[in-house]
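**Student:** Sequence plus predicted model, see below.
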Amino acid sequence: MAVAADSIAPRRWLAPAALLALAIPLAVWIGRAPLYLPLVAGAAAVLFVAVVLRTEAGLVVLVASMLLSPEIPLGAAGTGGLEHSRSVVLRTEDLLLLLVGFAWLARMAIHKDLGAVRRTRLNAGIAAFAGACLLSTLLGITAGRVGPLVGLCYVAKYIEYFFLFFITVNYVRTPERFRRLLLAVLLTGAAITAYAWWQIPQGVRPSAPFEGTPGEPNTLGGYLVLLFAVAVALAQTLPPSPLRRAGGLLALAILPPLIATLSRSSWLAFVAALAALVVCAPRRARLLGWIAVAAAVLLLAAPRGMRERVAYTFTSEGPTGVQVGRMHLDPSSSARLESWGAALRGWRQHPFTGWGITGYGFLDAQYFRVLVETGAIGMAAFVGLLGSLAALFWRARLALADPLPRALATGMLAAFAGLLAHAIGTNTFILIRIMEPFWLLTGLVVAAMAMREAA
């Protein structure tokens with residue numbers, strides 16, 4: 001027994017010795033590094049441990065961080081194309097999402113009974129699109145069209161939202177968790193809407209916090225359309241309740257900031273989402289009545305900025321503007337149409353696998369960007385994923401009996417229609433302020449379907 005005790009004793013010192021060996025260089029680094037770095041590292045470590053212990057902590061932090069996402073420039077976005085000198089920008093929210101994703105993977109490794117990836121109807125589409133992005137980028141790096149660091153960072157940016165989707169689907173297994181996360185998204189949306197209201201009297205186009213100068217009203221507009229569709233669906237679908245009234249009030253509060261963004265892509269998305277709500281939501285007559293009242297108000301007293309923005313679309317400032325029939329388009333619209341043509345010409349050079357992510361350069365049009373960067377293979381995978389999303393929302397809207405999940409599915413179907421329109425002139429499906437809530441809410445819809453099947 002004495003021999004056994006003597007052999008075990010050194011093992012007791014192994015863990016303290018290892019901690020001491022790590023603590024000494026860490027203390028030296030803390031003493032020499034700028035103050036903010038140890039603070040950020042400490043916060044990241046606390047968040048990592050919190051997610052490993054309780055997944056909901058990371059999800060709530062991510063939802064709340066929609067208001068706090070400063071930019072981190074990484075450098076040039078590519079070696080050719082339209083605006084290759086434009087910087088690649090990540091946000092702290094991107095890093096938070098990746099940190100939470102890795103913490104979730106660690107939790108899955110510890111608790112093997114939880115399962116790493118829950119089976120859903122979207123898994124195949126997600127895997128196909130992620131694989132196409134990685135393949136095209138690796139080929140672009142090999143050919144020298146894509147910078148390795150920037151390209152791979154942007155591949156991570158393209159697929160990081162899928163982490164959030166799988167975390168949500170794995171975690172939400174009870175109606176209480178479903179309701180808490182949905183409320184967190186709605187409260188955050190209300191705060192962002194209030195922030196946009198605060199900006200309107202300043203005479204600037206509203207944008208989300210920390211967007212820099214001059215901001216990104218188009219991004220805020222897409223987010224507000226998503227939030228509006230969900231809020232209206234709650235107001236139209238739920239039985240009389242505080243949440244139903246809150247949904248109606250939130251939908252009304254969103255309209256002035258959405259108009260004030262002066263984002264034509266967002267206005268188009270709003271029309272598409274509203275049309276989908278008219279088709280899918282119950283109490284259609286009441287919704288049509290509200291639409292008629294709003295249309296009459298806009299016709300009689302449309303804000304001056306809105307009228308000027310619409311008129312500017314058909315105002316040419318020189319002989320280089322694009323002409324559609326007898327109409328001459330403004331420089332911004334003309335440049336966008338010309339960029340589409342340039343993207344098609346670029347795609348013909350690498351038709352199957354594309355230039356690679358960021359290999360072609362900056363292009364602010366989601367469908368053309370996917371085509372030129374990932375080629376026909378990536379475009380087919382992207383369209384397949386979009387089709388799977390549409391089928392999911394439609395099926396959930398018809399199958400779910402509980403009013404709250406059914407309302408969310410209806411709102412997400414309308415929001416999805418709006419975002420498809422928004423993506424014509426914007427990189428909607430890689431914008432974190434839009435995609436983070438979109439994929440979290442999509443995860444809630446899938447989780448609701450899973451709970452229904454398990455019941």
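**Tutor:** Yep, that arrived.

**Student:** For the chain, give me the ranges with low pLDDT.
**Tutor:** 1-44, 46-48, 50-57, 66-93, 104-105, 107-117, 210-214, 311-331, 455 (pLDDT under 70).

**Student:** quick one, longest helix in it?
**Tutor:** When the chain is scanned for its longest helix (criterion: DSSP state H), the result is helix 366-399.

**Student:** Next, the buried residues of that one.
**Tutor:** By neighbour count on 16 or more other CB atoms under 10 Å, the buried set for helix 366-399 is 366-375, 377-379, 381-382, 385-386, 388-389, 392-393, 396-397. Backbone N, C-alpha and C define where each C-beta goes, glycine included.

**Student:** Tell me how far stretch 257-275 lies from the chain's centre.
**Tutor:** Its chain's C-alpha centre and that of stretch 257-275 lie 17 Å apart, by CA atoms, centre = their mean, to the nearest Å.

**Student:** got it, and stretch 168-179?
**Tutor:** The answer for stretch 168-179 is 20 Å, by CA atoms, centre = their mean.

**Student:** what do you get for stretch 419-435?
**Tutor:** 8 Å.

**Student:** What lies in contact with that stretch?
**Tutor:** 66, 69, 91, 93-94, 97, 157-158, 160-161, 208, 218-223, 225-226, 264-266, 268-269, 271-273, 336, 363-367, 369, 386, 438 (CB atoms under 8 Å, 6 or more residues apart in numbering).

**Student:** let's go with 7 Å and repeat that
**Tutor:** 66, 91, 93-94, 157-158, 161, 208, 218-219, 222-223, 225-226, 265-266, 268-269, 272, 336, 364-367, 369 (CB atoms under 7 Å, 6 or more residues apart in numbering).

**Student:** Also stretch 339-358?
**Tutor:** Contacts of stretch 339-358 (CB under 7 Å, 6+ apart): 77-78, 81-82, 88, 133, 135-137, 139-141, 145-146, 150-151, 154-155, 158, 360, 363, 365, 368, 371-378.

**Student:** Kindly format the C-alpha coordinates of that stretch as PDB.
**Tutor:** Output of stretch 339-358 as PDB, limited to C-alpha atoms (Å, rounded to 0.1, in the frame of the first residue of the first chain):
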ATOM      1  CA  SER A 339     -21.600  45.300 -62.300                       C
ATOM      2  CA  TRP A 340     -24.100  42.500 -63.100                       C
ATOM      3  CA  GLY A 341     -22.900  42.400 -66.700                       C
ATOM      4  CA  ALA A 342     -19.300  42.400 -65.600                       C
ATOM      5  CA  ALA A 343     -20.000  39.600 -63.100                       C
ATOM      6  CA  LEU A 344     -21.500  37.500 -65.900                       C
ATOM      7  CA  ARG A 345     -18.400  38.100 -68.100                       C
ATOM      8  CA  GLY A 346     -16.200  37.100 -65.100                       C
ATOM      9  CA  TRP A 347     -18.200  33.900 -64.500                       C
ATOM     10  CA  ARG A 348     -17.600  32.800 -68.100                       C
ATOM     11  CA  GLN A 349     -13.900  32.600 -67.300                       C
ATOM     12  CA  HIS A 350     -14.400  30.100 -64.500                       C
ATOM     13  CA  PRO A 351     -17.900  28.700 -65.100                       C
ATOM     14  CA  PHE A 352     -17.900  25.600 -62.900                       C
ATOM     15  CA  THR A 353     -16.100  26.500 -59.700                       C
ATOM     16  CA  GLY A 354     -15.900  30.300 -60.000                       C
ATOM     17  CA  TRP A 355     -13.100  32.700 -58.900                       C
ATOM     18  CA  GLY A 356     -13.200  31.600 -55.200                       C
ATOM     19  CA  ILE A 357     -14.600  33.600 -52.300                       C
ATOM     20  CA  THR A 358     -13.200  37.200 -52.600                       C
END
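
**Student:** buried set for that stretch?
**Tutor:** In stretch 339-358, counting by 16+ other CB under 10 Å, buried: 339-340, 342-343, 346-347, 350, 353-358.

**Student:** closest to residue 246 among the residues you listed?
**Tutor:** Set against residue 246, the nearest of these by CB to CB is residue 357 (39.7 Å).

**Student:** before we move on, the earlier item: among the buried residues of stretch 339-358, which are in helices?
**Tutor:** Those of the buried residues of stretch 339-358 lying in helices (DSSP H): 339-340, 342-343, 346-347.

**Student:** With adjacent residues omitted, what lies nearest to residue 417?
**Tutor:** In space, and not counting its chain neighbours, residue 417 is closest to residue 276: 4.0 Å by CB to CB, 6 or more residues apart in numbering.

**Student:** What's the first helix or strand after the host helix or strand of the one you found?
**Tutor:** Element membership of residue 276, judged by DSSP states H and E, is helix 264-280. Heading C-terminal from helix 264-280, the first helix or strand you meet, by DSSP H and E, is helix 284-301.

**Student:** Which strands or helices does that following helix pack on?
**Tutor:** helix 264-280 (3 or more CB pairs under 7 Å, 6 or more residues apart in numbering; DSSP states H and E).

**Student:** outside of the helix it packs on, which residues touch it?
**Tutor:** Applying CB under 7 Å, 6+ apart, the set of residues contacting helix 264-280 is 218, 221-222, 225, 228-229, 232-233, 258, 284, 287-288, 291, 309, 313, 397, 410, 413-415, 417-422, 424-426.

**Student:** Please pick the buried ones from those.
**Tutor:** Buried among the contacts of helix 264-280 by 16+ other CB under 10 Å: 218, 221-222, 225, 228-229, 232-233, 258, 287, 309, 397, 410, 413-415, 417-422, 424-426.

**Student:** those strands in the protein, which residues are they?
**Tutor:** 71-76, 87-91, 323-324, 327-328 (DSSP state E).

**Student:** would you turn the buried residues of stretch 339-358 into CSV with distance to residue 199?
**Tutor:** Conversion of the buried residues of stretch 339-358 to CSV gives the following (distance: CB to CB, whole Å):
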residue, distance to residue 199
339, 29
340, 31
342, 34
343, 33
346, 37
347, 38
350, 42
353, 43
354, 38
355, 37
356, 37
357, 33
358, 31
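
**Student:** quick check, nearest of the residues you listed to residue 128?
**Tutor:** Nearest to residue 128 among the buried residues of stretch 339-358 is residue 353, at 13.7 Å by CB to CB.

**Student:** Could you give the backbone dihedrals for the closest one?
**Tutor:** phi -110, psi 0 (degrees, to the nearest 10).

**Student:** From residue 266, how far off is it?
**Tutor:** For residue 353, the distance to residue 266 (CB to CB, to the nearest Å) stands at 32 Å.

**Student:** Nearest spatial neighbour of residue 378, chain-adjacent residues omitted?
**Tutor:** Leaving out its chain neighbours, residue 378 is closest to residue 132 (CB to CB, 6+ apart), at 3.8 Å.

**Student:** Surely that neighbour touches residue 381?
**Tutor:** Yes. When contacts are counted by CB atoms under 7 Å, residue 132 is listed as touching residue 381 (4.5 Å).

**Student:** Residue 163 reaches residue 94, doesn't it?
**Tutor:** No. Contact criterion CB under 7 Å: residue 163 and residue 94 do not qualify, at 11.0 Å.

**Student:** give me the number of residues near residue 135?
**Tutor:** By the measure other CB atoms under 10 Å, the count of residues near residue 135 is 17.
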